[in-house]
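**Q** Here's a sequence, model it:
(2 chains)
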Amino acid sequence: MTALLGYSYQYGTVERFSANNNGFTTDGFLDWNLGAGSAIQNTQLPRPGMNSFKDDNTLVAFFGRANYTYKGKYMVQAILRREGSSRFGANHKWGNFPSVSMGWSVSEESFMEDVSQINELKLRVGYGITGNQGIPNYQSLLTLGTGGVYPQEGVYYQTYGPARNPNPNLRWEQKAEWNVGLDFALWDNRISGALDVYDRETKDLLYNYNAQQPAFVRDLIYTNVGSIRNRGVELQLSAIAMQREDFRWNIDFAGNTNSNKLTKLSADVFQANWLEFYGLPSPGALGNAFRLEEGGEVGNFYGKRFAGFTEEGGWLFYKADGSTGTSTEMNENDLTVIGNGVPRYQASLSNSFTYKNFDLTVLLRGKFDFDILNTQDLYFGNKRWLPNNLLRSAITTHNRLNDEPQYSDYYLERGDFVKLDNVTLGYSFRLNSGYIRNMRVYLTGRNLVTITGYSGIDPELQDTGFEAGVDARGFYPRTQSWTLGLNVGF
Amino acid sequence: MKRYFSEIKRTLVASVLITIGACTNLDENLYSELEKDSFYNSRLEVMQAALRPFTHMQAWLAPTGQTGYYYHAELSADQLAWPQKGRHGYDGGDHFRQHYHTWTANENPTRTAWILMWTGVGYINSAIADLNEVDYAALDISEEEMTAIIAELHVLRAYHYMKIMELWGNVPIATEVAEEPANLPTQPRAEVFAFIQAELETYVPQLLPYSTALVGRVSATAGYAMLAELYLNAEYFIGTPMWDECIAACDRIISGEAGGLGGTPQLADDLAATFSNTNQDASEALFQFAFSRQGGFVFDWAAYLMGYANISEALDVGYSGNNAMVVIPTAFDAYAADDLRKREWFLFGPQYVYGTETPILGTEEWNEQPFVYVNSIRRESEGDLTSEGGMAEGEENSGARFNKYKSGRVSDPNYRENHYIIYRLTEIYFNKAEAIMRRNGGVATQEAVDLVNACRERAFSPEDWPEARYTTATLTMDELLEERGREFIFEGKRRTDIIRFGKFTHGTWWDHQPTNDPNKEIYPIPHTQIAINPNLVQNPGY
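**A** You can find the predicted model right below:
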């Protein structure tokens, strides 16, 4: 049995200062003589500005951990954290976050001694709660902030008003997680791996929600509303597929699937209909791409449903009642969930071979069952983007289109892909030298081949968080790289 | 050096102490924000809190780029539209639905307007609560002055409610800031009207007369102008005409009893003075936002009412806009050819680099070609010179454009010093004339004609005036509404006016067809708010 007690203290502070001036008559100073600009005196010039800012916060924790192992077969670990954050309301600053995990090495049991096929078998179960305080500072306090200048008898002074809707009841967001896992190794460790199933529920979700107006002063309030449930399975497998004197082949596989659902978006006094994300950029200000509704999946695209083109190449979309209409006839009620940008499955497969002095590793990786919003096609694959440069798709795939950009499922594509992500071929020299311990030359290629139906540059995009699966206009392509290397150990 | 060491020592001792004492100390330290308890220490600070609502209010009332009251008051009416112009300006169809009256309870702009206007009410409620606790005598503020400051906030709040009532009709009445979600219930429009009327009638008489020292504030002229507007619309709002009350409120202003900038308010002699960059003490001004570029609070109408960067050269200014709102062709046609306002207040026709004959060039449909504002909203670059056009068929040069307020050139010493005039004497003349006519069964009297002619005269040359002037025969109610439109175009008042005249849901303008649906006269409560406050009742028809 071992135990540990601890205390941690974190102080975070941000200080910013900036100043700007105009009306410099020489470049000679660069930015080292801001006062030399003449805009302070000359009101015809854009006004000089200055800015300073400071805030801070404190996070403290008392924690204890106890581990107990019985005969190498049963393991128990218990952790208790008591954490305090300055960011919460005066009576809600502290939270208790326990966690317990247990392990049972089944393979150590006497009844397993005769099962020679199983080298290791371990069952793990864990439950734990963790806290989140990831919100801005001061959200529980009533403070006054600057509101721009207004004259008092001709002189322009700052004005002051409530800086926010304070929420004195602001408290910790809590994430409770169940995890059941199985570690195993079979047949002389030829096959080993781990299987994990988890179920996380994030409760009292901290978010900046719509506030009731009237009688709140401001439109948003940080408060604890809502729950997100995240469930998934992860599998890791390693196998020694072949082992000969000169030759060895290892296979490593990892895969997972998960689902994220917003299970609740309300509390006793607070409700929200939905949260929206990713405002599509101009021209056109086409609205938000995502909507997260109560009971809905995280990463749901929300928009119009494409129904075809008019004879002139104008958009047609489905109305809520199933009829079709042009873009001018669409309203909020005609929008619906049209896709999801979070991959349902992810997997990777690595094969490594060694033959005599040669080694070869081939890594394949893929993500499956998700949609991509191709915003490059949306804006640039459209003849209306002329006279600017167009994508070829404007006169091929989308040649029938002769209308302004519109966001709809027309621009959602299946994003599934498999990538040949890494191939490394190496050769290790056997040297009988007192100076050089080892020497290996290798050639590595990265990001070599992508197999996908996606028409854009790269289907591998941000796939976590609330804005997954957007192929943004500013996407910088991943490079394919080749590395020729030499490792020498002295 | 010694001082330096002693400071280090002090710091060390301090840190040790802090570390011991602070191991569970989670107090929050404010640096760039103020605690209320440490404020309100001087007259200046009291005023800084009292004026917070003003800097916010311009965001929804003035055309400064947010989809507040102005956006709805103009785009749902018959003078301004925000058409799609090629690849620009579709904006989720928001502006289309304002124009065609096809909005739902789920419009982003209307949600924004609700938020902005109720935030304004919140700032005022907060300031009233705080100021009622201030020991003003200790801060050298007289009782009379403090009474006037509190009255000013009450009147300003009543004005907020009047504008909120115009847009949504039935709304809650909040006079205090919520500390917990209050879920205030919807009140019928008659109750809201009664609250506004009671507040204005109580507090307007406590306001100080308008004077240069009070520029940009709610003074007696502002208060009586609000009352005049409320009474003028009373018949529409609650079914009870209040023409005599309206006339009496107008007379308080016209007589000079309510003060004015430089004595009794006077009609401007010309079409420019009230909107120029030296309009801070405009003779007509009754209530205004005291913008000032030099003061750090510029009146920036560019986003809504200015073209793209190519147009900056035409005016020799340093700002450019989003090429957003344009004049509806039928509204531009409402001006006679000899109406000086048609030239003075609009950008129209070919545009040239300021002071030269070098044509401004287009950048979109008319790329690299001379840029000409046209009185149509259709695809002329594609050869359509005849159709009525439509909201989706605009081009970069469609429609006449705003040039009512003029910032002056970059080199002008008063460049962008313009105030935004909320109420001006001309409106009081029109209100009084209208009240007289309505009291008289919708028929003009000579007094009403004189009031309107006094305003109209400056829009015509002396040669044209004998033809242009109204008589009791020509100044019909319809003509009064037309003239009101010509005079107050771009001033954010059109929706209210055409509702009062019954044209909002029954009128036709350009390609707008009447809905004949009285429910459209008020907007739906944004359903984000319905969702979080179970005591709100959605307006009928939505």
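**Q** Tell me the residue of the stretch 351-490 of chain A that sits nearest chain B?
**A** Shortest the stretch 351-490 of chain A-to-chain B distance, computed as CB to the nearest CB: residue-wise this is residue A:384, at 4.9 Å. Where you see a C-beta, it was placed from the backbone N, CA and C, and this is true even at glycine.
**Q** per-residue confidence for that residue?
**A** In this prediction, residue A:384 carries a pLDDT score of 79.
**Q** Skip the chain neighbours and tell me the closest residue to it.
**A** For residue A:384, ignoring the flanking residues on the chain, the nearest one in space by CB to CB, 6 or more residues apart in numbering or on different chains is residue B:87 at 4.9 Å.
**Q** Tell me, how many residues neighbour the one you found?
**A** By the criterion of other CB atoms under 10 Å in any protein chain shown, residue B:87 has 20 neighbours.
**Q** Quick check: the gap between residue A:134 and chain B.
**A** Counting by CB to the nearest CB, to the nearest Å, the gap from residue A:134 to chain B is 16 Å.
**Q** May I have the residues that are in contact with residue B:372?
**A** By CB atoms under 8 Å, 6 or more residues apart in numbering or on different chains, the contact set of residue B:372 is B:349, B:350, B:351, B:366, B:397.
**Q** switch the cut-off to 7 Å
**A** Residue B:372 is in contact with B:349, B:350, B:397, counting by CB atoms under 7 Å, 6 or more residues apart in numbering or on different chains.
**Q** same check, this time on residue A:290
**A** Contacts of residue A:290 by CB under 7 Å, 6+ apart are A:276, A:277, A:278, A:299, A:300, A:301, A:302, A:466, A:467.
**Q** Run the contact check for the one helix or strand the third one maps to versus chain B.
**A** It stands for residue A:278. Secondary structure from DSSP states H and E places residue A:278 in strand A:274-279. No - Strand A:274-279 is not in contact with chain B by CB under 7 Å from any CB of the partner chain; minimum separation 8.8 Å.
**Q** residues of that strand that come out buried?
**A** By 16 or more other CB atoms under 10 Å in any protein chain shown, the buried positions in strand A:274-279 come out as A:274, A:275, A:276, A:277, A:278.
**Q** Could you point out which of the residues you listed is nearest to chain B?
**A** Distances from chain B to the buried residues of strand A:274-279, taken by CB to the nearest CB, are shortest for residue A:274, at 8.8 Å.
**Q** residues in contact with the closest one?
**A** A:291, A:292, A:293.
**Q** Likewise for residue A:146?
**A** With CB under 7 Å, 6+ apart, residue A:146 has these contacts: A:158, A:160.
**Q** ok now the helix or strand where it lies, how far from the chain's centre?
**A** Assessed by DSSP H and E, residue A:146 sits inside strand A:143-152. Between the centre of strand A:143-152 and the centre of its chain there are 38 Å (CA atoms, centre = their mean, to the nearest Å).
**Q** Check stretch B:73-88 too.
**A** For stretch B:73-88, the distance to the chain centre is 17 Å (CA atoms, centre = their mean).
**Q** next one: stretch A:274-281
**A** 16 Å.
**Q** Smallest gap between the stretch 251-400 of chain A and chain B, at which residue?
**A** Taking CB to the nearest CB, the stretch 251-400 of chain A has residue A:332 as its residue nearest chain B, at 3.8 Å.
**Q** I'd like to know how many residues surround the residue nearest to that residue when sequence neighbours are not counted.
**A** Leaving aside its sequence neighbours, residue A:332 sits nearest to residue B:106 (CB to CB, 6+ apart; 3.8 Å). Residue B:106 has 17 neighbours, counted by other CB under 10 Å.
**Q** same question, residue B:104
**A** Residue B:104: 15 neighbours (other CB under 10 Å).
**Q** Now do it against chain A, distance only.
**A** 5 Å.
**Q** surely that residue meets residue A:331?
**A** Yes - the pair residue B:104 / residue A:331 is scored as a contact, 5.1 Å apart, by CB atoms under 7 Å.
**Q** Chain neighbours aside, what residue packs nearest to residue A:4?
**A** residue A:65 (4.6 Å).
**Q** What strands flank the host helix or strand of that neighbour, and is each parallel or antiparallel?
**A** Assigned by DSSP H and E, residue A:65 belongs to strand A:49-70. In the sheet, strand A:49-70 lines up against strand A:2-20 (antiparallel), strand A:74-85 (antiparallel) (DSSP bridges).
**Q** Can I get that strand as CSV, trimmed to CA atoms?
**A** Only the C-alpha atoms of strand A:49-70 are listed here, as CSV (Å, rounded to 0.1, in the frame of the first residue of the first chain):
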residue,chain,number,x,y,z
GLY,A,49,-4.5,54.7,-29.2
MET,A,50,-3.3,52.9,-26.1
ASN,A,51,-4.5,50.0,-24.2
SER,A,52,-3.6,48.1,-21.1
PHE,A,53,-5.3,45.1,-19.4
LYS,A,54,-4.8,42.8,-16.5
ASP,A,55,-6.7,40.0,-15.0
ASP,A,56,-5.8,37.0,-12.8
ASN,A,57,-7.2,33.8,-11.3
THR,A,58,-6.2,31.2,-8.8
LEU,A,59,-6.6,27.5,-8.8
VAL,A,60,-5.6,25.4,-5.7
ALA,A,61,-6.0,21.8,-5.1
PHE,A,62,-5.5,19.4,-2.2
PHE,A,63,-5.2,15.9,-3.3
GLY,A,64,-4.6,12.5,-1.9
ARG,A,65,-3.9,9.1,-3.5
ALA,A,66,-3.8,5.6,-2.1
ASN,A,67,-2.8,2.5,-4.0
TYR,A,68,-3.3,-0.9,-2.6
THR,A,69,-2.1,-4.1,-4.2
TYR,A,70,-2.9,-7.6,-2.9
